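**Student:** Test case, fold it:
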Amino acid sequence: MKSEKIGNVQLYISPEAEQTPQTPGQADRQLQEIVSMYREHEYHSRITACKSWTVMYQLAESRANIIEWLEIPKHAKVLEIGAGCGTVTSALRIKGARLTCQEENLHYCRLNAMRQEKAMQETDNQERYSWETDSQELTIFAGPFTACEAQLAEDYDIIVCLDALPVQGQAETFLAALRRHLKPEGMLVLAAKNKFGLKYWAGNQEPNTGRYFAGLENAGVQLYSKKLLQQLLEQAGFGSQECYYPYPDERFALEIYSDRHLPKKGDLNYNIVNYEGDRLLLFDEQKVFDSVIEEGQFPFFANAYLFLAGAKEHAQTGQETVYARYATDRSRAYAVCTQITGQAVYKRPLYPEGAAHAAQICQAYEQLEKQYCKTGLKFNRCEWAAKGERDGCLRLELLCAHALQEQVQQAVAVGQIKKVFDILHRMMQYIRNGSGQKPFQMTEGFQKVFGTISDPQALEGTVCSDPADIDLILPNILEEDGTWHVIDYEWTFFFPVPQNFIIYRTLFFLHQENPRLEALSMEHLLEQAEITPKEAAVYAQMEQAFQQYVTGGLVPYREMVNLLERRMTDIVQLQADYDRIAAQNELLKGKGIWKAARTIKRKLTGN
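**Tutor:** Numbers count the residues shown, from 1 in each chain. As a prediction, this is how the structure comes out:
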C-alpha cells in the first residue's frame, strides 16, 4: 500500500482506492471547501447554506449521536468501518480512543485526515478532546474492507460499523472477519436500517434503490430485519447481543431507545426526515407508531437498529444507559444530552460552552422548589453528580410515572374533553398561584431572550413569574399518586415573564398535537385561559424570538427537508382531489361540454 501523512494522521492507500476514478462533483467541492476553510463548530451554518444532502450526511455533527452516548474507556483501541469524512471519527477521538479508520472513498479519507489534523491544532478543543501522546496517532486505510483487512490489527477493543453492512450473502463473511479483529472481550457496535421500518411503509423511498417499498418486497436490496441481524451475529460468533433503537433512524438519531426503555405513546413525533429524496405521505406516522406501541410491536417496526455485540463467553456490554436523548438543533451553549440509567437521569452539556447553562438548571431547581412549595407542584431533584460517578453531569431523580401528555392523549382518544380541561385548569391554577409574582417590565434579560415587543401595551397589567419556567408543558409533568412532578425545567429565566405566556406555550403545543379537533382549537383554548387575541399575538412573537435565541440564529437541521426542496405527496389528499374533480365532471354531463368534446374528437380522429 502507498502511504502519505497529513500532519500526524497516517494514510494508507490501497491500489483499489488509487485506481478508482476521482471526479469531484459539486458536493465533493463543497466538502473540500468546508473542511479546509472552516472549523468544526462552524460547519452547521455552512451545511444549511450548501443545501446538499451529501454535505449534510458527511459533516453534520448530529450523525455521531448514535455512538456519542456510549461509555468507551479512554485509550480504547478502536476500529471504525466506513468512516466517511470523519464525523464519527471526531466523536471517538473526543473520548480518547486510539483510532484506526477504513473508508473506500479516497477523497473522503483525505478530508477526514485534514479535519482531524485541524482539530488537533485548535487550542479551543483542549477542553473537549482527550488527546495525549499515545492517543494522538490516527491511521486511515483507504480502500474496500477486503483490500485493507490484512493490514488491520487483531486486538481491537471496539469495532464501530455504522450503516456499512454489505449486501445479503456477503454479511456473514464480513461479520466473521470483524470478529477475528476483536479481542475476546471486545465489543462490536453495529448499526443498520430495518427493512420493516415504519417509515418505509409510510412512503419513504428505499435508500439504496430510490424505489418505494423495495425493501419490503425483497427487491434485491440490502436491508435487514432484527431477526436476521441477530442470526447473522450469532453465526459470526457474537453470542452476546443488546439491541437499541435509534430514532428517527440511524443517520441523525435524536433518541436512543432500548428494550429496557421503550417509547411511550406520543413520544415518536418527528417523522418527516426524508432528506435524501422525495416521499409519499400514506398515513400519519405518529398515530400509527402510537398503535404499534400500544400493541407492543415497536421493536419490529423501528426504523433502525443499533447492536452492541460481544463473544459468547462475555455476556455484558458494560453500558448502563437505557435511553438517551439529544437536543442538538441548538446553539452550542444549549446543546445537551439526557441519559437514563436504571438508577437516575443524567443531563450534560455537549460542549464546553454549555457549562453555564447546566449550572443555571441547578439554580432553577432550588428557586422553583421554593416558588411553588405551597401549590402542590413538585420539581424533580437536581444536583451535580458525585465525583467519579459521571463527571460534569447533572443528576436528577428517576421517576416511574405517566406524563400528563399521555393522560390527555388517552382522554382525547375516547372523547373525554372535560378531563383535558380539568388538567389544563389545574395547571393554570398552579402557575398563577406560585410566589414571586411581579408586574411586567421590559428588562435587558427579557429583550435578549424574547426580543423587543412590538406592542408592549398589550402586556400592561400582566402578572409575571420571576423566576419563570416557561416549559411547563404537558410532556414535562408526571403524575404520581396525585402529585404533579416537573421533570424538565431547563428553560427557566430569572427575570419577569408573563404567566400567560407560560400558559400560552402549553396550549399552543396541545393544539399542535390535535390540529383538527375543534374543542382544542387555539381560539377555544385561549378563551378558556382568558388570554386575549392581542396578548396571544405578542406571545407568538415572543415564542419566535425564543426559538431564535435557542438556536443562536442557526437553521435547525429539521428544516433541511424544506431547504433541500423534498416533495411530499399526500396520497389521501390526491384521492380527495380526484373525487372532487370526478364529481364536478359528473355535474357537467348533459350541459353540452361532452357533446362538444365528442365533436372535436371526431374531427381529429375521423371516428
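
**Student:** So for the helix or strand encompassing residue 78, mean pLDDT?
**Tutor:** Using DSSP states H and E, residue 78 sits within strand 77-81. The average pLDDT within strand 77-81 is 97.

**Student:** what does stretch 530-550 give?
**Tutor:** 95.

**Student:** same check, this time on stretch 183-198
**Tutor:** Here the average pLDDT along stretch 183-198 is 96.

**Student:** repeat for stretch 398-415
**Tutor:** The average pLDDT for stretch 398-415 rounds to 91.

**Student:** show me what contacts residue 165?
**Tutor:** 171, 174-175, 190, 192, 222, 224 (C-beta atoms under 8 Å, 6 or more residues apart in numbering). Quick note: C-beta positions are derived from backbone N, CA and C, even for glycine.

**Student:** Spatially central, which residue of the chain would that be?
**Tutor:** residue 254 (2.1 Å; C-alpha atoms, centre = their mean).

**Student:** wouldn't that residue be in contact with residue 65 here?
**Tutor:** Yes: between residue 254 and residue 65 there is a contact at 7.0 Å, judged by C-beta atoms under 8 Å.

**Student:** Show me the common contact partners of these two, please.
**Tutor:** What both residue 254 and residue 65 touch, as defined by C-beta under 8 Å, 6+ apart, is the set 326, 328.

**Student:** ok so, going back, quick check: what element follows the strand holding residue 78 along the chain?
**Tutor:** Scanning forward in sequence from strand 77-81 by DSSP H and E, the next helix or strand is helix 87-94.

**Student:** so how many other residues sit close to residue 426?
**Tutor:** Counted with other C-beta atoms under 10 Å, residues neighbouring residue 426 total 14.

**Student:** avg pLDDT for stretch 351-368?
**Tutor:** Computed over stretch 351-368, the average pLDDT equals 95.

**Student:** in it, what's buried?
**Tutor:** By neighbour count on 16 or more other C-beta atoms under 10 Å, the buried set for stretch 351-368 is 351, 353-354, 357-358, 361, 364-365, 367-368.

**Student:** do the same with stretch 541-550
**Tutor:** 541-543, 545-546, 549-550.

**Student:** which residues sit against it?
**Tutor:** 330-331, 334, 448-451, 453-454, 470, 501, 504-505, 508.

**Student:** Please save the CA atoms from that stretch in CSV.
**Tutor:** Extracted in CSV, the C-alpha atoms of stretch 541-550 (Å, rounded to 0.1, in the frame of the first residue of the first chain):
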residue,chain,number,x,y,z
GLN,A,541,-43.9,36.9,18.6
MET,A,542,-42.1,36.0,21.9
GLU,A,543,-42.1,32.3,21.0
GLN,A,544,-40.5,33.0,17.6
ALA,A,545,-37.8,35.1,19.2
PHE,A,546,-37.2,32.4,21.9
GLN,A,547,-36.6,29.8,19.2
GLN,A,548,-34.1,32.1,17.6
TYR,A,549,-32.4,32.6,20.9
VAL,A,550,-32.1,28.8,21.5
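
**Student:** tell me how far that stretch is from the chain's mean position?
**Tutor:** In this view, stretch 541-550 has its centroid 20 Å away from the chain centroid, taken as C-alpha atoms, centre = their mean, to the nearest Å.

**Student:** I'd assumed residue 528 was in contact with residue 503.
**Tutor:** No: counting by C-beta under 8 Å, residue 503 stays clear of residue 528, with 9.9 Å between them.

**Student:** Which residues does the helix or strand hosting residue 116 contact?
**Tutor:** Residue 116 belongs to helix 106-121 when assigned by DSSP H and E. By C-beta under 8 Å, 6+ apart, the residues outside helix 106-121 that reach it are 6-9, 11, 13, 17-18, 20, 22, 24, 28, 31-32, 35-36, 39-40, 58, 83-86, 89-90, 93, 101, 103, 125, 129, 131, 136, 138, 140-143.

**Student:** Need the residues that contact the helix or strand harbouring residue 406.
**Tutor:** Using DSSP H and E, residue 406 sits within helix 404-413. Contact partners of helix 404-413, identified using C-beta under 8 Å, 6+ apart, comprise 264-266, 290, 417, 419-420, 423, 427, 474-475, 477-479, 484, 510, 513-514, 517, 520.

**Student:** just the contacts of residue 165: which has the poorest pLDDT?
**Tutor:** Per-residue pLDDT puts residue 222 lowest of those, at 74.

**Student:** give me the low-pLDDT residue ranges for the stretch 1-150 of the chain?
**Tutor:** Residue ranges of the stretch 1-150 of the chain with pLDDT under 70: 123-136.

**Student:** Kindly recompute the last result at 90.
**Tutor:** Across the stretch 1-150 of the chain, the ranges flagged by pLDDT under 90 are 1, 18-25, 74, 119-137.

**Student:** in stretch 478-491, what's buried?
**Tutor:** Buried residues in stretch 478-491 (16+ other C-beta under 10 Å): 478-479, 484-491.

**Student:** Would you reformat the residues you listed as JSON lines and include secondary structure, distance to residue 345 and pLDDT?
**Tutor:** Formatted as JSON lines, these follow (DSSP: H, G, I helix; E, B strand; the rest coil; distance: C-beta to C-beta, whole Å; pLDDT from 0 to 100):
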{"residue": "478", "secondary structure": "strand", "distance to residue 345": "12", "pLDDT": "95"}
{"residue": "479", "secondary structure": "strand", "distance to residue 345": "17", "pLDDT": "94"}
{"residue": "484", "secondary structure": "strand", "distance to residue 345": "17", "pLDDT": "95"}
{"residue": "485", "secondary structure": "strand", "distance to residue 345": "12", "pLDDT": "96"}
{"residue": "486", "secondary structure": "strand", "distance to residue 345": "13", "pLDDT": "96"}
{"residue": "487", "secondary structure": "coil", "distance to residue 345": "8", "pLDDT": "95"}
{"residue": "488", "secondary structure": "coil", "distance to residue 345": "10", "pLDDT": "94"}
{"residue": "489", "secondary structure": "coil", "distance to residue 345": "13", "pLDDT": "96"}
{"residue": "490", "secondary structure": "coil", "distance to residue 345": "12", "pLDDT": "96"}
{"residue": "491", "secondary structure": "coil", "distance to residue 345": "17", "pLDDT": "97"}
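
**Student:** Run through who's touching the longest strand belonging to the chain.
**Tutor:** For the chain, the strand that runs over the most residues, judged by DSSP state E, is strand 182-193. Contact with strand 182-193 is made by 66-67, 70, 155-163, 165, 175, 178-179, 207, 215, 223-224, 229, 233, 238, 246, 249-250, 303-311, 313-314, 317-318, as judged by C-beta under 8 Å, 6+ apart.

**Student:** element containing residue 472, please.
**Tutor:** Going by DSSP H and E, residue 472 is not in any helix or strand.

**Student:** Would you check how far apart the closest residue in space to residue 466 that isn't next to it in sequence and residue 371 are?
**Tutor:** Setting aside the residues directly before and after it, residue 466 is nearest to residue 496 in space (C-beta to C-beta, 6 or more residues apart in numbering), at 4.5 Å. Separation of residue 496 from residue 371 (C-beta to C-beta, to the nearest Å): 13 Å.
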